[in-house]
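>>> please work out how this folds:
(chains A, B, C and D)
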There are 2 protein chains.
Amino acid sequence: MTSGFFSKHRPTILYGISLALLLFLLKWLELRFLIINHVIEIYVGAIAVIFTGLGIWLAMKLMKPKVETVIVEKEVHVFSDGSFTFNAQEAHILGLSKRELEVLQLIAEGMSNQEIATRLFVSLNTIKTHSSRLFEKMEVKSRMQAMEKGKRLGLIP
Amino acid sequence: MTSGFFSKHRPTILYGISLALLLFLLKWLELRFLIINHVIEIYVGAIAVIFTGLGIWLAMKLMKPKVETVIVEKEVHVFSDGSFTFNAQEAHILGLSKRELEVLQLIAEGMSNQEIATRLFVSLNTIKTHSSRLFEKMEVKSRMQAMEKGKRLGLIP
DNA sequence: GCCAAAATCACCCGAAAGTATGAATAGGAT
DNA sequence: ATCCTATTCATACTTTCGGGTGATTTTGGC
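Numbers count the residues shown, from 1 in each chain, chains lettered A, B, ... in the order given. Here you go, the predicted structure:
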């Protein structure tokens, strides 16, 4: 069927193809002339584009990054549970010493003064002194309240 | 003296001036030819410089300023975890009575036996009995450990 | 009504916790 | 060098806690 159609209209098809090729050639030549006639403009345009890019690259490479400082006040809800992060600021405000914090931690683990003393290789009296000063600074009256407040303030897990 | 010198050497001077002018003209023509001969290069160079500048300007104008966000954490201490769900099953397993749970809660708030007794309108001895039975059932030896275990088991917030 | 569990209270005792005071030593800041 | 703080320890005393025993009353289920 296809070959029959082709053999019947062979001259027409050939003519059509020739015409199309000619038109294509003409268009191509036109484009060539266009390019040749405007080669300077195209060259300059390319240069412009390239050097604009270079300028941008240079600016990005050499320019100090503009830093805009935004201060955001973020409210942090501190829960007694969950992931624990030590609140050094609060500890500093209360004026707790390293040793006092250590004692507070062991108190919060439910250890007795005697156990804490043994753990830290000091005498019972020392732990009593530490805990007393701890309660003073934390403004509490017992180890239970110290534990409560300590957890609330993020001093202990 | 100057006028005598000038009148004496007038031809020489004129010749010198003429020569100088001619040389100057030649140099100027040379420069002109140089410019004319390299007008394309100069044009392209100018374009390059201009568009490099444009690129830099563009980059400066359009570049997003690097935003440095400083987050100041404002701490909000939350007393009780809002998502506390009482573990009734655990309480039943341990066989804790209503009153014992009440005492446990107040113990966990850091109250002394005397304070708890006053709060619940009962005598100190009663609270002692309750807490003793509580410690037995919870298999702990002190109110501190009861608080610890109670929080772990979801008996108290 | 009866029984068991829960809740209440009392007394005593030893251990632990907490208070008060004093003091020695070490390390850091002025 | 001097002062201050942290750390250590001691002694003495008071209060609180925890355990043991016993008793009475209330409550809820059978």
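>>> for A:Lys141, the count of nearby residues, please.
12 (other C-beta atoms under 10 Å in any protein chain shown). C-beta coordinates here come from the backbone N, C-alpha and C atoms, glycine included.
>>> and what about it, helix, strand or coil?
coil (DSSP: H, G, I helix; E, B strand; the rest coil).
>>> residues in contact with A:Ser123?
Residues near A:Ser123 by C-beta atoms under 8 Å, 6 or more residues apart in numbering or on different chains: A:Ala117.
>>> how about the one 4 residues further on?
For A:Ile127, the contact set (C-beta under 8 Å, 6+ apart) comprises A:Val103, A:Asn113, A:Gln114, A:Ile116, A:Ala117, A:Leu120.
>>> mind checking which helix or strand it is in?
If you go by DSSP states H and E, A:Ile127 is part of helix A:124-138.
>>> which of the contacts of A:Ile127 come close to DNA strand D?
Contacts with DNA strand D within the contacts of A:Ile127, counted by C-beta under 7 Å from any atom of the strand: A:Leu120.
>>> what ranges do the strands span in chain A?
A:67-78 (DSSP state E).
>>> can you list the domain ranges for it.
According to automatic domain parsing, chain A comprises the domains A:2-63, A:88-153.
>>> out of these, nearest to B:Leu153?
For B:Leu153, the closest of those is domain A:88-153, at 14.2 Å, according to C-beta to C-beta.
>>> tell me the mean pLDDT over the closest one?
Domain A:88-153 comes out with an average pLDDT of 91.
>>> please see if it touches DNA strand C.
Yes: Domain A:88-153 is in contact with DNA strand C by C-beta under 7 Å from any atom of the strand, via A:112-114, A:125, A:128-129, A:131-132, A:135, A:141-144.
>>> quick one: end-to-end length of that domain, please.
10 Å (C-alpha to C-alpha, to the nearest Å).
>>> out of the residues of domain A:88-153 next to DNA strand C, which are buried?
Among these, those classed as buried by 16 or more other C-beta atoms under 10 Å in any protein chain shown are A:Ser112, A:Asn113, A:Ser131, A:Phe135, A:Ser142, A:Arg143, A:Met144.
>>> I am finished for the moment; much appreciated.
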